[in-house]
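A.B. asks: return a 3D structure for these sequence lines:
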Amino acid sequence: MTRIYFDNAATTALDPEVLDAMMPFLTEKFGNPSSIYSYGRETKMAIENARKTVARILNANPGEIFFTSGGTESTNFAITAAIRDLGCKHIITSPIEHHATLHTAEHMAHTGQATLSYVRLTDKGHIDLSHLEELLANSKERSVVTLMHANNEIGNLLKIKAVGELCKKYDAIFHSDTVQTVGHYPFNLKDIYIHFINGAGHKFHGPKGVGIMYVNEHVRIKPFLNGGSQERNMRAGTENLYGIVGFAKALEIATRRYEQDSVHIKGLKTYMAEQLMEKFPKVIFNGDSTGSSLYAVLNVSFPMTERSDMLLFNLDMAGICVSGGSACTSGANSVSHVIKAIHNGDATDMVPIRFSFSKHNTKEEVDTVIEKLKELV
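C.D. replies: As a prediction, this is how the structure comes out:
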């Protein structure tokens, strides 16, 4: 059975060109980057070259880029550092953030390290900027604002520059989870008031288990992991050498192909939305799917019926890979916290499905999925 993979917001296939770049570091170039002899020097140079590549693409300084295990670690690091090292005692986030953000913020609140506020959402699931300003203006303590650039389930895009300006106005620390946008959009970090962002290689055809955290050069924070001098004393532990090389190569390819790939992927999303509206008039699109939204993500709810109840399972049986929300919570039976939040907690009568596309997907695959949906719903 031929499988159709429409869950690229969860992870993407490794690009063969990225694997080629990684292979020497999986074989003959195996030295520990902390070793002083030639094996170590060549791997250390590979890491620093990767850092320079990432910094150039994001328009940052190499000293602002730290390699981590991925988006979750970077988010934990950023929020922890803001509370522990930067004098923040108030966290402002939203109810539709990734659990890496929400659970970290909740932990800080439960342990008494910070107070926690949630910014309201608009009717389309966007951040209410006037409420954000109200929360910042009324805060008696320094705030850290942590809001994702693109929502991983519904695709809504944050007005990242506008949020940055509000943070600047109220002397707040700003962290944005950019896992869904690094590798998918051009970045100019010198043009945004921001202190931390993060990225994950596997979201743009790079390897899993490797990510970055950008730390603005004006920020002074303590290490997140202790026990070694790696990553300029900020993150102890032997580096994920081949992962780091793969991350930089994947980001390089994504940047080079951005124009053609984004047009192709957006075309698939638009085509699928049109087909769904035509064939299933009762479907609801979650979030701002035709407005300020990630070009790779389309989240749609089918009415709950006896036939649609097992929709995800039946699509899987048909070889179609999609999700009901974030892959990080796909083991849960209930509707995701994001869908509940944008529907005011009442989402029991719907079956949400996230379709997310990549450069490898085709219009023919969309047609096949639509036909299968007609059979199943």
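
A.B. asks: now residue 106: closest residue in space that isn't a chain neighbour?
C.D. replies: Leaving out its chain neighbours, the residue that sits closest to residue 106 by CB to CB, 6 or more residues apart in numbering is residue 116, at 7.0 Å. For every residue, glycine as well, the C-beta is placed using N, CA and C.

A.B. asks: number of nearby residues for the one you found?
C.D. replies: 15 (other CB atoms under 10 Å).

A.B. asks: which strand residues bridge it?
C.D. replies: residue 91 (DSSP bridges).

A.B. asks: return the residues in contact with it.
C.D. replies: Contact partners of residue 116, counting by CB atoms under 8 Å, 6 or more residues apart in numbering, are 90-91, 93, 105-106, 108-109.

A.B. asks: and these, which is closest to residue 375?
C.D. replies: Among the contacts of residue 116, residue 93 lies closest to residue 375 (CB to CB), at 40.9 Å.

A.B. asks: ok, back up a step: now the two most distant members of the contacts of residue 116.
C.D. replies: Of all the pairs that the contacts of residue 116 form, the one spanning the most space (CB to CB) is 90 and 106, at 14.1 Å.

A.B. asks: okay, these two: which has more neighbours?
C.D. replies: Each of residue 90 and residue 106 has its neighbours counted (other CB under 10 Å); residue 90 has more, 21 against 14.

A.B. asks: quick one: the more buried one and residue 145 touch, right?
C.D. replies: No. The pair residue 90 / residue 145 is not scored as a contact, 9.5 Å apart, by CB atoms under 8 Å.

A.B. asks: where along the stretch 1-150 of the chain do the helices fall?
C.D. replies: Counting by DSSP state H, counting those that start in this stretch, one finds helices in the stretch 1-150 of the chain at the ranges 16-26, 38-58, 71-85, 99-110, 129-138.

A.B. asks: can you put these in TSV and add mean pLDDT?
C.D. replies: Below are these laid out as TSV (pLDDT from 0 to 100):
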stretch	mean pLDDT
helix 16-26	98
helix 38-58	97
helix 71-85	98
helix 99-110	98
helix 129-138	98
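
A.B. asks: so for residue 253, which of the ones you listed sits nearest?
C.D. replies: Closest among the helices of the stretch 1-150 of the chain, using CB to CB: helix 16-26, at 6.0 Å.

A.B. asks: would you mark the buried spots in the closest one?
C.D. replies: 18, 21-22, 25 (16 or more other CB atoms under 10 Å).

A.B. asks: list the buried residues in stretch 221-234.
C.D. replies: Quick answer for stretch 221-234 (16+ other CB under 10 Å): 221, 223-224, 230-231, 234.

A.B. asks: can you give me the end-to-end distance of that stretch?
C.D. replies: When the termini of stretch 221-234 are compared using CA to CA, to the nearest Å, they are 8 Å apart.

A.B. asks: other residues contacting it?
C.D. replies: With CB under 8 Å, 6+ apart as the criterion, stretch 221-234 contacts 33-34, 63, 66-67, 73, 76-77, 80-81, 84-86, 215, 235-239.
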